[in-house]
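In: Just need the structure, nothing else, for what follows:
(chains A and B, ligands or ions: 1)
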Amino acid sequence: MSMNVVEPHAKPQRPFALYGVDLASRLLLGTAQYPSPDVLARAVEASGASIVTVSLRREQARGRKGERFLELIEATGARVLPNTAGCRTAKEAITTAHMAREVFGTDWVKLEVIANDDTLQPEIFGLVEAATALTQDGFKVLPYTTEDLSIAERLLAVGCEVLMPWGSPIGSGRGLANRYALQSLRAYFPDVPLIIDAGIGAPSHAADAMEMGYDAVLINTAVAKAGAPVPMAAAFAQAIEAGRAAFEAGLMGARDMASPSTPVAGTPFFDLPPPDSKPGND
Amino acid sequence: MRSPKLTTDDTKLVTSLSIIVVGAGVLGLWQALTLARLGYRVRLVEASAEPFAGAASLYGGVMLATDREAKSYPLIFRRLGREGMTLWRAACPDLSCSGGLVVASARDRSDLERFARDTQGHETLDATKLAHLEPELAGRFASALYFADEAHMAAPAAMKFLLDEARGAGSDVSFGVSVPPEDADTIIDCRGLAARDALANLRGVRGERLIVRSREVTLRRPIQLLHPRHSLYVVPWGDGRYMIGATVIETEDDGPVTVRSALELLGGAYALHSGFAEAEILEIGAGVRPAFPDNMPRVIVRDGGRHIFVNGAYRNGYLLAPVLAKAVAEYLESGARANALVEVV
Ligand SMILES: Cc1cc2nc3c(=O)[nH]c(=O)nc-3n(C[C@H](O)[C@H](O)[C@H](O)COP(=O)(O)OP(=O)(O)OC[C@H]3O[C@@H](n4cnc5c(N)ncnc54)[C@H](O)[C@@H]3O)c2cc1C
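Out: Below is the predicted model of the structure:
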């Protein structure tokens, strides 16, 4: 038997690309909170991440005094995606994005506008406002948003080509808090790259998002604050690959076995077609 | 001249190497003190005319907190930290050896649990035991981690102590000398971040801190408050003074403290003890910690031993300064290269 037969129901493999750039890995890694730049560099390598996010502090931009650290990050070879972490208004985020473009020489920006310093929840009005201004200014914006469909539409309408909905609040490690809404978002925008941006605490959460058909996952705290960040980065890489492969292979779907299916009166069980059988599904 | 130092029977010095230590931060002072005590002819030169004005060391906590810090470093850190603690205890009677506490608000309990899991050398205290140890925290926190084997001291007092000891041991110390003389057998470069001109992977990490004075707050030992984003500590400096620190920002900028950082630090101190609301702010400023990519310090020997760099102490310069001085002394005595801190180039 030939090993080259295409599996009948595997989904066509769509390469992962953002703003026209093909990316080898579906893992994006944040660079904050590691024990040292050395551990960070080894975690990036173990994760295979092709993008690392960096939050630019004003203090780093002052006279470019953060250079040695930024050089260490650039030396990982991953593409640097600056973010506007901690910005509370559109104006702050826009200013930070401009500083980041100058410091990193990239027009990509992960746009964060935060509603409050506690939950770090996206401030969606400011987000749309900043996304509008920045895309007009030539930025390629990757917005950190909620799972809300109408905000997603606004962001796409103003020129964002990718969305980064949260799984749960930043740093909470709670996984996908609102699966139903995240599934709806995926179903609504089948062709828009969707990246889960926050709240991932365990590799299983990341696999979950990937099985749902999300294009990629961004992780930071779960790796940086792990007992051993480097092996944890590798564990996430495997989970994300497994989740993606599972999505492409097509999951069987769960069945509720708790309530017995009622046989049609007078018909023996073995005559019934399986409840979800489709032609050719064997 | 590179012969090991010779001593007579009554251990009096006959000949010895002449050494110039450059930079009177905590690393340079410990070098001068240790080597002078061993009988070397030591000159310590410091660029700033006013003692410690240009030193990152002035911004230290100062906590000697091996067990709390160890989780962020390679395994060897714990042994080095313990050694540092022993050397400090032997040298300095003014050190407060009252341990340290780690607390978290009820909501951040999981951070405290993780901290307990990731560290050794602590005891978990319930509210009653905490109240016994630190009465003013009674009712504020349900539990705490107590690290018994820790010590602390006010940075200016620690620096003054080391300077006096270095002089007392026979080091010749001069301030306001920025072009060090080269007429010595060995130059020990302890210039801190200024040595980044010679050490390619040395970087600076900004740390902001405040000094306040309170008539209401009485805390006996350093208290660290965990928070998911900015962990904070308060160190009692005596006379009602407290050091509140410290941010960790990857930049070499030593400019003024931002409002954001000040809010984080002061907000944290207030959350720890509401009595800080009425404290007076005596000082606010930022120091820049010199660090290598793994955040571990090193002794780097160049030119066959003529130039020795001691640097990269990051957040633990006080703790590890005596250990680094001992490593240099051992290298000078016997050329020992087995020391994990010493890198011979
Ligand atoms: C906010 C903060 C809190 C900290 N808390 C702690 C703590 O609790 N415990 C702890 O162990 N550590 C702590 N640290 C870390 C500790 O302060 C540093 O690791 C330590 O100060 C580094 O000391 P150093 O001697 O290498 O550098 P420095 O203290 O910077 O000394 C270098 C000296 O060299 C001088 N110099 C430079 N160029 C020349 C030249 N050409 N000629 C002559 N002299 C020159 C400088 O003027 C300076 O005085 C803290 C640091 C900060 C910023």
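
In: make it CA atoms for all contacts and neighbour counts henceforth
Out: Will do.

In: Would you indicate which residues of stretch A:162-179 are buried?
Out: Within stretch A:162-179, the residues scored as buried using 16 or more other CA atoms under 10 Å in any protein chain shown are A:162-176.

In: of these, closest to A:Asn83?
Out: Using CA to CA, the shortest approach to A:Asn83 within the buried residues of stretch A:162-179 belongs to A:Met164, at 12.2 Å.

In: Wait, a helix at the closest one?
Out: No - the assignment for A:Met164 (DSSP: H, G, I helix; E, B strand; the rest coil) gives strand, which keeps it out of a helix.

In: Let me see the contact set for it.
Out: Taking CA atoms under 8 Å, 6 or more residues apart in numbering or on different chains as the criterion, A:Met164 is in contact with A:Leu142, A:Pro143, A:Tyr144, A:Thr145, A:Thr146, A:Leu194, A:Ile195, A:Ile196, A:Asp197.

In: Tell me the residues of the stretch 101-250 of chain B that contact chain A?
Out: Proximity of the stretch 101-250 of chain B to chain A, by CA under 8 Å from any CA of the partner chain, involves residues B:Asp118, B:Asn201, B:Leu202, B:Arg203, B:Gly204, B:Pro228, B:Glu250.

In: 6 Å - rerun?
Out: Near chain A, the residues belonging to the stretch 101-250 of chain B are B:Arg203 when assessed by CA under 6 Å from any CA of the partner chain.

In: Who are the contact partners of B:Val62?
Out: Residues counted as contacts of B:Val62 (CA atoms under 6 Å, 6 or more residues apart in numbering or on different chains) are B:His152, B:Met153, B:Ala154, B:Ala155.

In: Now intersect those residues with the helices, please.
Out: Of the contacts of B:Val62, the ones assigned to helices by DSSP state H are B:Ala155.

In: any idea where the helices of the chain begin and end?
Out: All of this is about chain A. Counting by DSSP H, chain A forms helices over residues A:37-47, A:58-61, A:67-74, A:90-104, A:124-136, A:149-157, A:179-188, A:203-211, A:221-224, A:229-249, given from the N-terminal end onward.

In: if you could check chain B rather than the one you did, that'd help
Out: Shown for chain B, the helices assigned by DSSP H span residues B:26-37, B:66-69, B:76-91, B:109-118, B:127-133, B:155-168, B:259-272, B:317-334.

In: Hmm, B:Gly25 is touching B:Ala55, no?
Out: Yes - in terms of CA atoms under 6 Å, B:Gly25 counts as a neighbour of B:Ala55; the distance is 5.4 Å.

In: check contacts around the closest residue to chain A within the stretch 1-150 of chain B.
Out: The minimum distance from the stretch 1-150 of chain B to chain A, using CA to the nearest CA, falls at B:Ser72 (4.8 Å). Shown in contact with B:Ser72 (CA under 6 Å, 6+ apart): A:Pro35.

In: go on, the one 5 residues further on?
Out: Contacts for B:Phe77 (CA under 6 Å, 6+ apart) come out as B:Ala70.

In: distance of it from B:Arg89?
Out: Distance check for B:Phe77 against B:Arg89: by CA to CA, to the nearest Å, it reads 18 Å.

In: And for B:Ala131?
Out: Relative to B:Arg89, and taking CA to CA, B:Ala131 is found at 27 Å.

In: So if I had to pick from these two, which one is more boxed in?
Out: With neighbours defined as other CA atoms under 10 Å in any protein chain shown, B:Ala131 and B:Arg89 compare such that B:Ala131 has more, 18 against 15.

In: Which pLDDT does the model give the residue lying closest to the more buried one once chain neighbours are set aside?
Out: Spatially, and ignoring its direct neighbours in sequence, B:Ala131 is nearest to B:Ala138 (4.4 Å; CA to CA, 6 or more residues apart in numbering or on different chains). Per-residue confidence at B:Ala138 stands at 91 (pLDDT).

In: same deal with A:Gly280?
Out: Reported pLDDT at A:Gly280 in the predicted model: 45.

In: residues near A:Asp137, how many?
Out: Under the criterion other CA under 10 Å, the count of neighbours that A:Asp137 has is 12.

In: can you tell me which residues contact it?
Out: By CA under 6 Å, 6+ apart, the contact list for A:Asp137 is empty.

In: how near is it to the ligand?
Out: For A:Asp137, the distance to the ligand equals 39 Å [CA to the nearest ligand atom, to the nearest Å].

In: For the residue nearest to B:Ala131, give me phi and psi.
Out: Phi and psi for B:Ala138, reported as degrees, to the nearest 10, are phi -60, psi 130.

In: Neighbours of it, how many?
Out: 16.

In: For it, give its distance to B:Ile223.
Out: Taking CA to CA, one finds B:Ala138 at 13 Å from B:Ile223.

In: okay, and the common contacts of those two?
Out: Joint contacts of B:Ala138 and B:Ile223 (CA under 6 Å, 6+ apart) do not exist.

In: neighbour-wise, which of B:Gly25 and B:Ala55 wins?
Out: Ranked by neighbour count (other CA under 10 Å), B:Gly25 and B:Ala55 place B:Gly25 first, with 27 against 22.

In: what sits against the more buried one?
Out: Contacts for B:Gly25 were tallied using CA under 6 Å, 6+ apart; they are B:Ala55, B:Ser57.

In: Kindly recompute the last result at 10 Å.
Out: The neighbours of B:Gly25, taking CA atoms under 10 Å, 6 or more residues apart in numbering or on different chains as the test, are B:31, B:46, B:51-58, B:159, B:162-163, B:190-192, B:317-318, B:321.

In: A:Ala202 too?
Out: With contact set as CA under 10 Å, 6+ apart, A:Ala202 has these partners: A:Gly173, A:Arg174, A:Gly175, A:Asp208, A:Ile219, A:Ala222, A:Val223, A:Ala226, A:Met232, A:Ala235, A:Phe236, A:Ala239.

In: ok, residue 214 - how many residues close by?
Out: Answering for chain A, as no chain was given. That count, for A:Tyr214 with other CA under 10 Å as the rule, works out to 26.

In: Chain B was what I was after
Out: Summarising burial for B:Ser214: neighbours were counted as other CA under 10 Å, giving 17.

In: Since that was my last question, I'll sign off now.
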